[in-house]
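1. What shape does this take:
(one chain, ligands or ions: 1)
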Amino acid sequence: MMKIGIVGLGFVGLSLTSVLSAKGYDVVGIDVDKEKCEKILNGVTPFYEPGLEKILKNGLKKKLRISNNFSSIKNCNLIFVTVGTPQNVNGTIDLSIIKKAISTIGKNLQKNKNNPIILIKSTVVPGTMKKVIRPILENNSKKKAGKDFGLISNPEFLQESNAVNDTKFPHAVVLGGFQTKFMTKAKKIFEKLHPNTPIVVTNHQTAEMIKYANNSFLATKISFINQLSSICQKIPGANVDDIAKTMGLDPRIGKLFLNAGPGYGGSCLPKDMKALISFANSSGVRPTLLDAVENINTKQLDQIISITKQRLGDLTSKRITVLGTAFKPDTDDIRDSIAIKLIKKLLKRKAKITIHDPKAIKNTKDVFGDKIRYGKSINDALEKSHCVIIMTQWKQYEKINNKEFNHMTKKLVIDCRRMLLGKRLDVDYFAIGLGKEK
Ligand code: UGA
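-> Numbers count the residues shown, from 1 in each chain. As a prediction, this is how the structure comes out:
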């Protein structure tokens, strides 16, 4: 039976590990973090992701093993690399984690007699496979890619908060590499795993670029609608959602990723945009469109601060409530969350911040400690506040009404997601993407 090794147990790696092992595959999940491995072995996911814990537990009842020892890959036939590729301070991609993981895999490859296929899922800039990953693997293993082992770029498209479903049913499978026997075998494996999913076979550098193409286009869609939303704000009565909904009916456009808001955040879109921009610049192409997409994203946040200042004046000692710090609903992830950036800016202006989030309090505490207050409930978070800013579209915020706002001292409501639109609110209401009627 085929043995599968998965290196790096973050969102992508742990979702894949759980889904494949629950299906009955013989899987070993590997991560250098011993504590994390122990948690996972106990059926606990290190982050919140709907449905993941249940499916992990199913896997653990079957053949799943979790280890911090890379030597477990020596019997594997398929090895997925799913470690993180964060960004350097200057925006370029930081390959140190993947380089380290790959060199350890290479050393262990020496003992592997199975001629395994290594699939790189981590997002890497075009050329990384050829210039970095392949040489490190070959040097450390003393083996040749394409002959002794297969090497395939296999970018991942899963979205946090929908990770289990996206892992089970990806919209496409991309296999980038040389047309060897390993590629033929990989294609067969994926055809069996995802029978109705298009499989795109291409070369390494194109596969690497596809990932950036997707994420930068998604960011472009968001900045596009955010730009329109700023224009709408100048047209009394205009509503960006009706515009987005209608645009979405045009099959050439599609309805997804046209929700105007405070800008895109999270661990992928901002980082991949930066990496692609710096890659383009270093290749001699000025990425004017991508630059504009980023600028619009920054402006969305600045706009929230200016509305707040316009209505409250000097922000020193003003009590501001931020609803939602997770970068999107149904996750506790706050990496590159716009809400976190907003709080940092408000603290600089000496405002007093209270936050509420259904899942991300712990992660938010790790950033701000006692510099801000943590509301025990929505009501508690609104108590004596001068202004509330709705940042993340958690379902529970839809229910907020005058009763809750009565806890506030001054009722300024800035709704970045238009969640309360259409309610008769006895407050000073601002919504991103809505032209305020005079
Ligand atoms: C993103 C991509 O959607 C995935 O396909 C990709 O696999 C992943 O990055 C990755 O590279 O690993 P994710 O980071 O989970 O997934 O988050 P998204 O759902 O894309 O949301 C990103 C941000 O855009 C959030 O801050 C969200 O609030 C914002 N957004 C999204 C909007 O403001 N409007 C929209 O219409 C959609």
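
2. D166 - that's part of a helix, no?
-> Yes. Counting by DSSP: H, G, I helix; E, B strand; the rest coil, D166 is part of a helix.

3. Spatially, which residue comes closest to it, not counting chain neighbours?
-> Excluding its sequence neighbours, the residue lying closest to D166 (C-beta to C-beta, 6 or more residues apart in numbering) is L158, at 3.7 Å. C-beta: built from backbone N, CA, C; applies to glycine.

4. And for the one you found, the neighbour number?
-> Counted by other C-beta atoms under 10 Å, the residues lying close to L158 total 19.

5. Show me what from the stretch 101-250 of the chain comes close to the ligand.
-> By C-beta under 6 Å from any ligand atom, the residues of the stretch 101-250 of the chain that approach the ligand are 123, 156-160, 215, 218, 222.

6. Try it again at 5 Å.
-> Residues of the stretch 101-250 of the chain lying near the ligand by C-beta under 5 Å from any ligand atom: 157, 159-160, 222.

7. One more: the stretch 301-438 of the chain?
-> 327-328.

8. hang on, the earlier thing: kindly write the PyMOL command that selects the buried subset of the residues of the stretch 101-250 of the chain next to the ligand.
-> Buried members of these can be picked out in PyMOL with the line below, counting by 16 or more other C-beta atoms under 10 Å:
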select buried, resi 157+160+222
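
9. Take the residues of the stretch 101-250 of the chain next to the ligand and keep only those in helices.
-> Secondary structure assignment by DSSP state H places I222 of those in helices.

10. Closest one to V367 out of the residues of the stretch 101-250 of the chain next to the ligand, please.
-> Using C-beta to C-beta, E160 is the member of those that lies nearest V367, at 18.2 Å.

11. How about whatever helix or strand K99 lives in, which residues are buried there?
-> K99 is part of helix 96-109 when elements are defined by DSSP states H and E. Neighbour-count burial for helix 96-109 flags 98, 101-109 (criterion: 16+ other C-beta under 10 Å).

12. Now render those residues as TSV, adding distance to L420.
-> Shown next, in TSV, are the buried residues of helix 96-109 (distance: C-beta to C-beta, whole Å):
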residue	distance to L420
I98	44
A101	46
I102	49
S103	53
T104	51
I105	51
G106	55
K107	57
N108	55
L109	56
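
13. just the residues you listed now: which is nearest the ligand?
-> Nearest to the ligand among the buried residues of helix 96-109 is I98, at 14.4 Å by C-beta to the nearest ligand atom.

14. residues in contact with the closest one?
-> The contact partners of I98, taken as C-beta atoms under 8 Å, 6 or more residues apart in numbering, are 81, 83, 85, 122, 124, 133.

15. For the residues you listed, give me TSV that also has secondary structure.
-> Output for the contacts of I98, formatted as TSV (three-state DSSP):
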residue	secondary structure
V81	strand
V83	coil
T85	coil
S122	coil
V124	coil
I133	helix
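
16. which residues in the stretch 1-150 of the chain form strands?
-> 3-7, 26-30, 65-67, 78-81, 117-120, 150-153 (DSSP state E, counting those that start in this stretch).

17. What strands line up against the third one, and which way round?
-> In the sheet, strand 65-67 lines up against strand 26-30 (parallel) (DSSP bridges).

18. quick revisit: present the strands of the stretch 1-150 of the chain as TSV; the columns should include mean neighbour count and distance to K188.
-> Compiled in TSV, those are given as follows (neighbours: other C-beta atoms under 10 Å; distance: least, C-beta to C-beta, whole Å):
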stretch	mean neighbour count	distance to K188
strand 3-7	25	15
strand 26-30	25	18
strand 65-67	19	25
strand 78-81	25	12
strand 117-120	27	11
strand 150-153	26	12
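
19. In CSV, list the ones you listed along with mean pLDDT.
-> Supplementary listing: the strands of the stretch 1-150 of the chain in CSV, determined by pLDDT from 0 to 100:
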stretch, mean pLDDT
strand 3-7, 98
strand 26-30, 98
strand 65-67, 97
strand 78-81, 98
strand 117-120, 98
strand 150-153, 98
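
20. Smallest gap between the stretch 51-200 of the chain and the ligand, at which residue?
-> Counting by C-beta to the nearest ligand atom, the stretch 51-200 of the chain gets nearest the ligand through E160, at 3.5 Å.

21. Contact partners for that residue?
-> 11, 49, 266-267, 328, 331, 333.

22. Check those against N401 and report the nearest one.
-> Nearest member of the contacts of E160 to N401, counting by C-beta to C-beta, is K328, at 23.6 Å.

23. So the closest one sits against F257, correct?
-> No. Taking contacts as C-beta atoms under 8 Å, K328 lies outside contact range of F257: 11.8 Å.
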